[in-house]
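Q: just to be clear, the model below is a prediction. Sequence and coordinates:
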Amino acid sequence: MRAVFVFLAVFVSHAAARYTADWTSLDARPLPSWYNEAKLGIFIHWGVFSVPGFDSEWFWWHWQGQQPPNKTCVDYMSKNYPPGFSYPEFASQFHAQFFDPEEWADIFNASGAKYVVLTAKHHEGFTNWGSPNSWNWNSVDTGPHRDLVGDLGEAVRSRSLHYGLYNSLYEWFHPLYLIDKKNGFKTQEFVMHKLLPELYNMVVRYKPEVIWSDGDWEAPDTYWNSTEFLAWLYNDSPVRDTVVTNDRWGAGCACKHGGYYNCEDKYTPGQLPKHKWEKCTSMDTLSWGYRRKMKLSELMPLSNIIADLVETVALGGNYLLNVGPTSDGTIPTVFEEGLRGLGAWLEINGQAIYASKPWRVQSENNTIQVWYTSKGTTVYAIMTAKPFKPTVQLLEPKTSVNTTVTLLGNSKPLSWSPLSPSAGLIVLLPELPYTPGHAWTLKLDGIQ
Ligand SMILES: *[C@@H]1O[C@H](CO)[C@@H](O)[C@H](O)[C@H]1NC(C)=O
Ligand SMILES: *[C@@H]1O[C@H](CO)[C@@H](O)[C@H](O)[C@H]1NC(C)=O
Ligand SMILES: *[C@@H]1O[C@H](CO)[C@@H](O)[C@H](O)[C@H]1NC(C)=O
Ligand SMILES: *[C@@H]1O[C@H](CO)[C@@H](O)[C@H](O)[C@H]1NC(C)=O
Ligand SMILES: *[C@@H]1O[C@H](CO)[C@@H](O)[C@H](O)[C@H]1NC(C)=O
């Protein structure tokens, strides 16, 4: 009897875990827990667009796609390249000759990130791996002559970081895509003969634990066969137990369907959302791909990055921070400096970030802006500015006789006193240590 029961339980739990190709079923899948605990990821935009390193990763479109084209881009090309020079000719100059995946992975690990997401294919259609469906427009046949996706994946995973891949559904100039578009997306030539074979192959080959889908917005999810793909991904793919995806699976899906929600690029909700989300943003505020003209004033300072991360985590999100490597395969040192600075801050303050949960209250702004996170019964109050006086008032925590307050990175308990019998406390701060991150964490125990 018992054996039968166990058998049935196993059978039922397996049966229950199969998803059907519709949003009701797919949206009900619990997000694998590693993702919510990870909090911080690194996003990498790398491709043929890194060669011109001009305008942004949208350069091809701005130059030759959109109507009217961007004059700055048109003028740049006519001034600096021979007449008739075409965008695909940039591919042979994508050398990646200094690409050392071990070095990249060391930098990403030193940033404190727990996952890395590389553009396997951006809207230009060039794949950073030897896709058999992208003949002569991939990093093995041309340019670097190297499996960039595979090589980075090995280095990243050997440091126990999770590895994810960005994949653009649409390709601006793919002839089959253009046919489908002309047909009002009533035909699926591109999806059946290019997109899906390539996407299934990519998952089987590289076993990405994040599929960061993009380029979905011109057509409905039924055109992309998104629900069929996701049902396979969740039921039968080699990453079915650990993979997470975002919400860009067709026009109208963003913020509504899929795994976690990105909503828009750089989106931040005003208050605690009900659904797991991720803020993706870029150190270079003007581009995701490398820009040779970038100026220091156009980059996010470390203190802004940390304040942004803290706000995101307090509001239940993950933070995906982008860097654009050069076509030579180097990470600009200014990005490396930022990433290492972030890691140095997390070395001390990480316990308030990783695997934390939003608290009863997400923020308050009495003495200074404070963001709250929690872990078990511990509450963290992260100050993203330095108080003018050596004290800080927190109005939200309810203290008890057992309340203790410490500053992360400083072992001595801090003196505090209640503000009123019902709630709030005033904490006497020690000299706040210098940190390029410009944020400090108070650890509160024995409060409610
Ligand atoms: C054209 O591209 C340049 C270079 O990226 C950019 O600064 C400018 O804002 C763009 N112009 C328009 C009208 O979008
Ligand atoms: C990864 O970074 C952590 C600190 O964030 C460090 O303790 C660890 O040694 C690093 N691992 C490798 C393989 O470099
Ligand atoms: C695409 O979706 C259609 C309709 O649900 C289905 O018949 C077909 O098998 C799917 N193809 C793939 C490759 O997923
Ligand atoms: C917090 O308060 C300060 C001082 O009143 C103000 O300058 C700042 O904009 C406030 N921050 C937020 C996020 O409301
Ligand atoms: C204080 O801690 C003691 C010992 O852990 C516990 O028994 C007591 O209930 C706590 N009091 C409050 C108000 O939390």
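A: Perfect, I can see it now. Ligands and ions are numbered 1, 2, ... in the order given.
Q: surely residue 313 and residue 373 touch.
A: Yes. The pair residue 313 / residue 373 is scored as a contact, 5.9 Å apart, by Cβ atoms under 8 Å. Every residue, glycine included, has its C-beta placed from N, CA and C.
Q: overlap in contacts of the two?
A: Counting by Cβ atoms under 8 Å, 6 or more residues apart in numbering, the shared contacts of residue 313 and residue 373 are 353, 356.
Q: ok, which stretches of this structure are helices?
A: For the chain, the helices identified by DSSP state H occupy 2-16, 23-27, 33-38, 59-60, 71-80, 101-110, 148-157, 175-182, 189-190, 196-206, 221-224, 226-235, 302-314, 333-349, in order along the chain.
Q: ranking those by burial, who's on top?
A: Counting by mean count of other Cβ atoms under 10 Å, helix 59-60 has the highest mean neighbour count of the helices of the chain, with a mean of 26.
Q: residues in contact with it?
A: Contacting residues not belonging to helix 59-60 are listed as 49, 52, 73, 87, 123-124, 172-173, 289 [Cβ under 8 Å, 6+ apart].
Q: what about 6 Å?
A: Around helix 59-60, the neighbours that count as contacts under Cβ atoms under 6 Å, 6 or more residues apart in numbering are 49, 52, 87, 124.
Q: ok, and the most crowded of those residues?
A: Comparing those by number of neighbours (other Cβ atoms under 10 Å), residue 49 comes first, having 31 neighbours.
Q: ok, now which ones touch it?
A: Contacts were defined as Cβ under 6 Å, 6+ apart; by that measure residue 49 touches 57, 59, 289.
Q: ok, residue 115 next?
A: With contact set as Cβ under 6 Å, 6+ apart, residue 115 has these partners: 38, 41, 161-162, 164.
Q: now residue 316
A: Contact analysis of residue 316 by Cβ under 6 Å, 6+ apart lists 272, 358.
Q: which pLDDT value goes with it?
A: Listed pLDDT for residue 316 reads 98.
Q: now swap in residue 434 and tell me
A: In the predicted model, residue 434 carries a pLDDT score of 89.
Q: then the one 10 residues further on?
A: We note a pLDDT of 98 for residue 444 in this prediction.
Q: return the nearest residue of the stretch 151-300 of the chain with respect to ligand 5.
A: Nearest residue of the stretch 151-300 of the chain to ligand 5: residue 272, at 25.9 Å (Cβ to the nearest ligand atom).
Q: measure the residue nearest to residue 18 when sequence neighbours are not counted to residue 228 for me?
A: With sequence-adjacent residues excluded and distances taken as Cβ to Cβ, 6 or more residues apart in numbering, residue 18 is closest to residue 235, at 5.3 Å. When Cβ to Cβ, to the nearest Å is the yardstick, residue 235 and residue 228 sit 11 Å from each other.
Q: rewinding a little: from the contacts of helix 59-60, which is closest to residue 386?
A: Ranking the contacts of helix 59-60 by separation from residue 386, with Cβ to Cβ as the measure, puts residue 49 on top at 39.7 Å.
Q: kindly give the local confidence score, pLDDT, for the closest one.
A: pLDDT recorded at residue 49 is 98.
Q: just checking, what packs against the top strand by length along the chain?
A: Of all the segments of type strand in the chain, defined by DSSP state E, the longest one is strand 357-365. Packed against strand 357-365 by the contact rule (3 or more Cβ pairs under 6 Å, 6 or more residues apart in numbering; DSSP states H and E) you find strand 369-375.
Q: now do stretch 191-207, average pLDDT.
A: In this model, stretch 191-207 carries a mean pLDDT of 98.
Q: does any bit of it sit next to ligand 3?
A: Yes. Part of stretch 191-207 sits near ligand 3 under the criterion Cβ under 6 Å from any ligand atom, namely residue 196.
Q: centroid residue for the chain?
A: Centre of the chain computed as the mean C-alpha position; nearest residue by Cα atoms, centre = their mean is residue 320, 2.9 Å away.
Q: any idea how far ligand 2 is from the nearest residue to residue 147 once chain neighbours are set aside?
A: In space, not counting the residues next to it along the chain, residue 147 is nearest to residue 129; the distance is 5.3 Å by Cβ to Cβ, 6+ apart. Residue 129 sits 24 Å away from ligand 2, going by Cβ to the nearest ligand atom, to the nearest Å.
Q: just the pLDDT at the residue of the stretch 301-448 of the chain found nearest ligand 3, thanks.
A: Of all residues in the stretch 301-448 of the chain, residue 320 sits closest to ligand 3, at 27.7 Å by Cβ to the nearest ligand atom. Looking at residue 320, its pLDDT reads 98.
Q: what does residue 261 give?
A: The predicted local distance difference test score for residue 261 is 98.
Q: I'd say it and residue 246 touch.
A: No. Taking Cβ atoms under 6 Å as the contact criterion, residue 261 and residue 246 are not neighbours in contact, 7.1 Å apart.
Q: is any part of stretch 71-80 close to ligand 1?
A: Yes. Part of stretch 71-80 sits near ligand 1 under the criterion Cβ under 6 Å from any ligand atom, namely 72-73.
Q: where do the domain boundaries of the chain fall?
A: Structural domains assigned to the chain are 18-352, 357-445, following automatic domain parsing.
Q: what's the most buried one of the ones you listed?
A: By mean neighbour count, with neighbours taken as mean count of other Cβ under 10 Å, domain 18-352 ranks first of these at a mean of 19.
Q: what's the end-to-end length of that one?
A: As for domain 18-352, its first-to-last residue distance stands at 36 Å under the measure Cα to Cα, to the nearest Å.
Q: I'd like the distance from it to the chain centre, please.
A: Here the centre of domain 18-352 is set off from its chain's centre by 8 Å, with Cα atoms, centre = their mean, to the nearest Å.
Q: any low-confidence regions in the protein?
A: The model of the chain has pLDDT under 70 over residues 1-16.
Q: got a list of what the closest residue to residue 126 other than its chain neighbours touches?
A: With sequence-adjacent residues excluded and distances taken as Cβ to Cβ, 6+ apart, residue 126 is closest to residue 48, at 4.7 Å. Neighbour list for residue 48: 90-91, 94, 124, 126 [criterion: Cβ under 6 Å, 6+ apart].
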